[in-house]
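Novice: Model the structure of this input:
(2 chains)
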2 protein chains.
Amino acid sequence: MEFPISYKVEQIDDRLDRLIPKADLLSEAIRYALLGPGKRIRPLLVLASAETFGVNPDLALDPACAIEMVHAFSLIHDDLPCMDDDDFRRGRKSLHRAFPESIALLAGDALLSEAFLVLARAKIGEVAKVRLIEVLGSRIGKEGMIGGQALDMHPNGSDLKSVLEMQNKKTGYLLSAALEFGPILAGKETPWQEEMQSIGLHLGLAYQIRDDLEDAEQKSDENKPTALSLLGESKARKLLQESLGKIDAKLKNLPSGGAPISALLSPMFK
Amino acid sequence: MEFPISYKVEQIDDRLDRLIPKADLLSEAIRYALLGPGKRIRPLLVLASAETFGVNPDLALDPACAIEMVHAFSLIHDDLPCMDDDDFRRGRKSLHRAFPESIALLAGDALLSEAFLVLARAKIGEVAKVRLIEVLGSRIGKEGMIGGQALDMHPNGSDLKSVLEMQNKKTGYLLSAALEFGPILAGKETPWQEEMQSIGLHLGLAYQIRDDLEDAEQKSDENKPTALSLLGESKARKLLQESLGKIDAKLKNLPSGGAPISALLSPMFK
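Specialist: Residues are numbered from 1 along each chain as shown, chains lettered A, B, ... in the order given. You can find the predicted model right below:
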């Protein structure tokens, strides 16, 4: 099954462009961060999940954009001086280096708020809107992505369990929300929501270990404990393969064998 | 008509306390900012607006808490070093002085996200939930409160029109949202939504001029242009009285003469 990914990326970027029109300094900053280079994995996951459950992609586009807006918010705030203090992001100046730091902070805030507004205004039924908003809010809030960012800055512990909890929250939960959006939009949350969440969390772990392995090759001077540093390379590679195996098995049980999601993910884990 | 304000403040604080239980460093930071001293004007406005339109106060409590969470978020981020760089807030250390700056940033982010989650989970119908979320999102986003914070840091101009636009957005729009929540909860958005918004914006202006006058008495060294500095004291006092007159006239036209809202506001403008 062919999944027209390049077309979908354009479609996502066109819609993001229209959701945040040029107006003032704040909107310019938002656009710099939101429309810059990026693979748009998370909104593509929303579209692929929607396709898996037979949802018209036009109805999934705004929810996909909401997820990308939240992702962009998290990167902007992660880069700020009081967080990771990164001057560059994806080969360009980070937002607070390209714009005043106050405007970068507020651009992140605005993206978070606008994401919920986009969901509230999406052309879908009220029940689905409320569930999308509830799932997004619970995956990214104090017990989700933002909670994970807090644990990354001030960890509870440096053991494997603490590191995996932090990474689950920081990376896995937003991927989970993206995948959960498909069955919600299809009105098929029962019985699929938990399964999609599980795929999302395994995917977060797989990304993280893959990134750890790549960072190790580049001899990153990062001193934070990671799954790789705690497990050693051999066990970490085994955990990565186990996660990918579980994702694969779970996808096969989805309607149409989860083909749109497989087509999106398989090139990334070659 | 008696409005039991002291009882309502306790009720709001009890509910906020349960919405953000003690769990970890992030939740402690959120609680420091959210449950500290404050007049709870905005959630009281939600409850008073709901009462004006005959809504059961139990149904308005969570929407009231959502508004207070957004207000607390805005104060935390306003105090950060890249914004107003305030070390104190309401006689205590500001959040980024009492906790690490990264945790303060993320506590603000979490409050913003949790506010939408609280609305999505409120015990009200789906249509009302979506409208509360849409109104909140549009009043606080890039064209609302957060947009106003951006204009405060990087103004478009120093003339009266620019200053009033910034203050409307930064202060008036969240007050507007609080007042708009009543008719939404009552299913009476038509014909009352615009009138409530107008009261909210006049109220924001009145607060702002009153604060300007108080700051001038304390010989604040603030150099930013204000309605007071641009108009002079006599004209500013006249504008304040005009705003209060308009609020009063508009309240009288509401169901039951807007008595709960009048009872809440009148002691503040004696």
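Novice: can you give me the mean pLDDT across the helix or strand in which A:Ala120 is found?
Specialist: Assigned by DSSP states H and E, A:Ala120 belongs to helix A:101-121. Mean per-residue pLDDT for helix A:101-121: 98.
Novice: what helices or strands is it leaning on?
Specialist: Counting contacts by 3 or more C-beta pairs under 8 Å, 6 or more residues apart in numbering or on different chains; DSSP states H and E, helix A:101-121 is packed against helix A:25-34, helix A:57-79, helix A:95-98, helix A:126-140, helix B:57-79, helix B:101-121, helix B:126-140, helix B:145-153. C-beta: built from backbone N, CA, C; applies to glycine.
Novice: Indicate which one of these is closest to A:Glu10.
Specialist: A:Glu10 lies closest to helix A:57-79 among the helices and strands packed on helix A:101-121, at 11.7 Å (C-beta to C-beta).
Novice: Just the buried positions in that closest one, please.
Specialist: For helix A:57-79, a neighbour-count test (16 or more other C-beta atoms under 10 Å in any protein chain shown) marks A:59-79 as buried.
Novice: Repeat that for stretch A:180-187.
Specialist: Residues A:180-186 are the ones in stretch A:180-187 that count as buried (16+ other C-beta under 10 Å).
Novice: Pick the one among those residues closest to A:Leu34.
Specialist: Set against A:Leu34, the nearest of the buried residues of stretch A:180-187 by C-beta to C-beta is A:Phe181 (18.6 Å).
Novice: residues in contact with stretch A:90-102?
Specialist: Stretch A:90-102 has contacts (C-beta atoms under 8 Å, 6 or more residues apart in numbering or on different chains) with A:25, A:28-29, A:32-33, A:36-38, A:76, A:79-81, A:86-89, A:104-105, A:107-108, B:82-83, B:150, B:153-154.
Novice: Give me the buried entries from those.
Specialist: The neighbour count (16+ other C-beta under 10 Å) marks A:25, A:29, A:32-33, A:38, A:76, A:79-81, A:89, A:104-105, A:107-108, B:82-83, B:150, B:153 as buried among those.
Novice: May I have the residues that are in contact with A:Ala104?
Specialist: A:29, A:33, A:76, A:79-80, A:94-96.
Novice: Using JSON lines, lay out these together with pLDDT.
Specialist: Listed next are the contacts of A:Ala104 as JSON lines, based on pLDDT from 0 to 100:
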{"residue": "A:Ala29", "pLDDT": "98"}
{"residue": "A:Ala33", "pLDDT": "98"}
{"residue": "A:Ile76", "pLDDT": "98"}
{"residue": "A:Asp79", "pLDDT": "98"}
{"residue": "A:Leu80", "pLDDT": "98"}
{"residue": "A:Ser94", "pLDDT": "98"}
{"residue": "A:Leu95", "pLDDT": "98"}
{"residue": "A:His96", "pLDDT": "98"}
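Novice: Let me know the closest of those to chain B.
Specialist: Nearest to chain B among the contacts of A:Ala104, counting by C-beta to the nearest C-beta, is A:Leu80 at 6.8 Å.
Novice: Which residues lie in contact with that closest one in this structure?
Specialist: Residues in contact with A:Leu80 (C-beta under 8 Å, 6+ apart) are A:96, A:101, A:104-105, B:82, B:105.
Novice: which helix of chain A spans the most residues?
Specialist: Counting residues, the longest helix found in chain A (DSSP state H) is helix A:189-217.
Novice: does chain B sit close to that one?
Specialist: No - under the criterion of C-beta under 8 Å from any C-beta of the partner chain, chain B is not reached by helix A:189-217; the shortest gap measures 14.2 Å.
Novice: the inter-axis angle of that helix versus helix A:145-153?
Specialist: Angle between the axes of helix A:189-217 and helix A:145-153 is 30 degrees (criterion: axes from the mean of the first three to the mean of the last three C-alpha atoms, to 10 degrees).
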